[in-house]
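> okay, sequence plus prediction incoming.
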Amino acid sequence: MRFPLLPYLAGMLGLFALSFEIDAAALGDFDGHVDVGNPKRAGSAEFDAIQRGYKVAGGGKNMWFTNDAFHFVWKKISGDLTLAADITFESQGGDPHRKACLLIRQNLDDDSAYADAALHGDGLTSLQYREAKGALTREIQSNLAGPRRLRLEKRGKYVSMSVARVGDELRPAGGSFRLELAGPFYVGLGVCAHNDEALETAVFTNVELLEGTTPLPAKPSLISTLETITLASKDRRVVWWTTNLIEAPNWLPDGTNLLFNSQGRIHRIAPTGGTPVPIDTAFATRCNNDHGISPNGSQLVISDQSQGDRRSRIYTLPIAGGIPKLITELGPSYWHGWSPDGQTLAYCAERKSEFDIYTIPVGGGLERRLTDAKGLDDGPDYSPDGKWIYFNSDRTGHMHVWRMKSDGTEQEQVTKDDYQNWFPHPSPDGKSLVFLSYEPDVKGHPENKDVLLRRLSLADGQIDVLAKLFGGQGTINVPSWSPDSRKLAFVSYQLVP
């Protein structure tokens, strides 16, 4: 007997469509669906109870800048949460910037504060956020393109994303940002066509929505993420992440690589990502986060504490690796700046229980003390013309950015706000100063704190926030500007169960 194939296929497709239609009102874990921002073409949402899947169609011009237009499947909750799903677009083509998202949103206004884990039509995957109503959208781009499964997690004040290829387990995408939403807020699934004349459909399957999060144990796991941030847009990109502690990136003068320290060694990695490669520093196996690169890119300077009394001392060696040459006989000494002419090193050193700024010829010799104020003077870095040294000092009882002529004269305070400001780094073009800011009650420069990366315009003294992150010690201890002054490298951290 011949099997009526076409009627059978038509019937099966009809049953599939019917299963979506029957459960459209229930929407599974969610309470409703709505167009946000008045897209020209109305969206829709359907739920398949058998497959636990959602088919979401959305129009809209964009989800970006200060306003959004998309279709949203939502539920109102409060507190911490985890939302995960396998995501695919129903059809090929379409705008490369179309988005299928896992969303947390303060409200249904088109300019609401929000966070999302967004899969784009071209495979770009990013953690996007608008931290306040009407503010610009920012993002942290993952270095994994085209994942199948995404997870969005809100833990306390921080939001993060995890990603997985087909058949793989979820892993952190790296990077997180601080976003404070008042409960209750909206969580759910969103689709934007990125073309107001179009309607795009995405399918979300194996959807998991969990309210609350696992409490952190006494000794939580650490995730370190090496990132870059573009100064013009304030958008961030993940270079590499690891469960080891990494710290203090430098950018090579030719722009080809970043350096960082981890587990006592110095490593090299391309700013586009890849696998870090250790640099041979011979006996120097306890390198700390005070390291850098000569202006011509030929030499590496390290602060290592592997020898003798285990006090940090400064050494130089070829950039490709080699036997370190001792520069500072006395310790502890912590490098921070290299003069633009390549002749002088600036560093923080403890001598007779006082931490001050010193300089020394690059080949070694007698050190010269530049500061003598009571308290801590730290983090010296040269201006690109070599006339000034910027540093941080708590001589007033509060840690601020200061500067002085390169010979130590004309010391003057630069920042005068309530933050505790550390590690100032002038940009190569001489226009900006980037530094790390702790909350007013924080003492020293500890790890694992809420911090700000801030930028000061040297033309008018105006300060803006580049990023709000979990970090501190290890984030930007040393110069980390790209040679064209357009980007900055830094390390952020997360504590996870």
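Sure thing, it's come through.

> what about residue 264, how many residues close to it?
14 (other Cβ atoms under 10 Å). (Each C-beta comes from the backbone N, C-alpha and C, glycine too.)

> what sits closest to it if chain neighbours are left out?
Excluding the flanking residues, the one nearest residue 264 by Cβ to Cβ, 6 or more residues apart in numbering is residue 286, at 4.5 Å.

> and residue 347, by the same measure?
That would be residue 335: by Cβ to Cβ, 6+ apart, it lies 4.8 Å from residue 347.

> and for the one you found, the neighbour number?
27.

> the strand or helix carrying it pairs with which strands?
Element membership for residue 335 (DSSP states H and E) is strand 333-338. Sheet pairing for strand 333-338, assigned by DSSP bridges, gives strand 344-351 (antiparallel).

> buried residues, the partner strand. List them.
For strand 344-351, burial by neighbour count (16 or more other Cβ atoms under 10 Å) applies to 344-350.

> how far off centre is stretch 79-92?
Its chain's average C-alpha position is 22 Å from that of stretch 79-92, according to Cα atoms, centre = their mean, to the nearest Å.

> how close does residue 66 get to residue 434?
25 Å (Cβ to Cβ, to the nearest Å).

> typed the wrong thing, it's residue 341
Using Cβ to Cβ, residue 341 is found at 23 Å from residue 434.

> tell me which of those two has more neighbours.
residue 434 (22 against 10).

> show me what the helix or strand hosting residue 73 is packed against.
Using DSSP H and E, residue 73 falls within strand 70-77. Here strand 70-77 touches strand 32-36, strand 44-48, strand 53-58, strand 99-105, strand 185-192, going by 3 or more Cβ pairs under 8 Å, 6 or more residues apart in numbering; DSSP states H and E.

> so how far is the helix or strand in which residue 434 is found from its chain's centroid?
Element membership for residue 434, per DSSP H and E: strand 432-438. Computed by Cα atoms, centre = their mean, the chain-centroid distance of strand 432-438 equals 15 Å.

> likewise stretch 390-399?
27 Å.

> tell me the average confidence for it?
On average, the pLDDT along stretch 390-399 is 97.

> buried residues of it, list them for me.
390-395, 398-399.

> out of those, which are inside strands?
Residues of the buried residues of stretch 390-399 located in strands (DSSP state E): 390-393.

> ok, back up a step: pull up the pairing partners for the strand holding residue 434, direction included.
Applying DSSP bridges, one finds strand 432-438 paired with strand 420-426 (antiparallel), strand 449-457 (antiparallel).

> figure out which of these is closest to residue 235.
Counting by Cβ to Cβ, residue 235 lies closest to strand 449-457 out of the strands paired with strand 432-438; the figure is 13.2 Å.

> show me the contact partners of whichever helix or strand comes after that closest one.
Following strand 449-457 in sequence order, the next helix or strand is strand 463-471 (DSSP H and E). Strand 463-471 has contacts (Cβ atoms under 8 Å, 6 or more residues apart in numbering) with 131, 158, 176-178, 229, 231, 234, 236, 415, 417, 434, 436, 447-457, 475, 488, 490-495.

> now the buried members of those.
Among the contacts of strand 463-471, those scoring as buried are 131, 158, 176-178, 229, 231, 234, 236, 415, 434, 436, 449-456, 475, 488, 490-494 (criterion: 16+ other Cβ under 10 Å).

> separation between residue 388 and residue 404?
Taken as Cβ to Cβ, the span from residue 388 to residue 404 is 7 Å.

> pLDDT weak spots in the chain?
1-25 (pLDDT under 70).

> quick check: domain ranges of the protein?
Using automatic domain parsing, the domain parsing of the chain gives 5-211, 221-496.

> quick one: the strands in the stretch 1-150 of the chain?
Applying DSSP state E, counting those that start in this stretch to the stretch 1-150 of the chain gives strands spanning 32-36, 44-48, 53-58, 63-64, 67-68, 70-77, 81-89, 99-105, 114-120, 125-130, 138-141, 149-155.

> residues of the longest one that come out buried?
By neighbour count, with 16+ other Cβ under 10 Å as the criterion, the buried positions of strand 81-89 are 81-87, 89.

> name the nearest residue to residue 355, ignoring sequence neighbours.
Distance criterion Cβ to Cβ, 6+ apart; nearest residue to residue 355, sequence neighbours excluded, is residue 376 at 4.7 Å.

> list the contacts of that neighbour.
355, 393-394, 399.

> relative to residue 167, which of the residues you listed is nearest.
residue 399 (49.3 Å).

> coming back round to it: could you export the buried residues of stretch 390-399 as a markdown table, including distance to residue 137?
Below are these laid out as a markdown table (distance: Cβ to Cβ, whole Å):
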| residue | distance to residue 137 |
| --- | --- |
| 390 | 32 |
| 391 | 36 |
| 392 | 32 |
| 393 | 37 |
| 394 | 37 |
| 395 | 41 |
| 398 | 34 |
| 399 | 32 |
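
> quick check: the farthest pair among these?
Of all pairs drawn from the buried residues of stretch 390-399, the greatest distance, 16.8 Å, lies between 390 and 398 (Cβ to Cβ).

> ok, and what's touching the strand holding residue 73?
The contact list for strand 70-77 (Cβ under 8 Å, 6+ apart) reads 27, 29-37, 39, 43-45, 54, 56-60, 63, 99, 101, 103, 105, 108, 183-192, 209, 211.

> buried only: go through those for me.
Looks like the contacts of strand 70-77 have 27, 29-30, 33, 35-37, 39, 43-45, 54, 56-60, 63, 99, 101, 103, 105, 185-192, 209 buried, using 16+ other Cβ under 10 Å.

> and the gap between the closest residue to residue 374 other than its chain neighbours and residue 409?
Among residues not flanking residue 374 along the chain, residue 395 sits closest, at 6.5 Å (Cβ to Cβ, 6+ apart). Note on residue 395: its distance to residue 409, by Cβ to Cβ, is 16 Å.

> need the distance between the two termini of stretch 158-176.
Terminal residues of stretch 158-176 lie 6 Å apart, using Cα to Cα, to the nearest Å.
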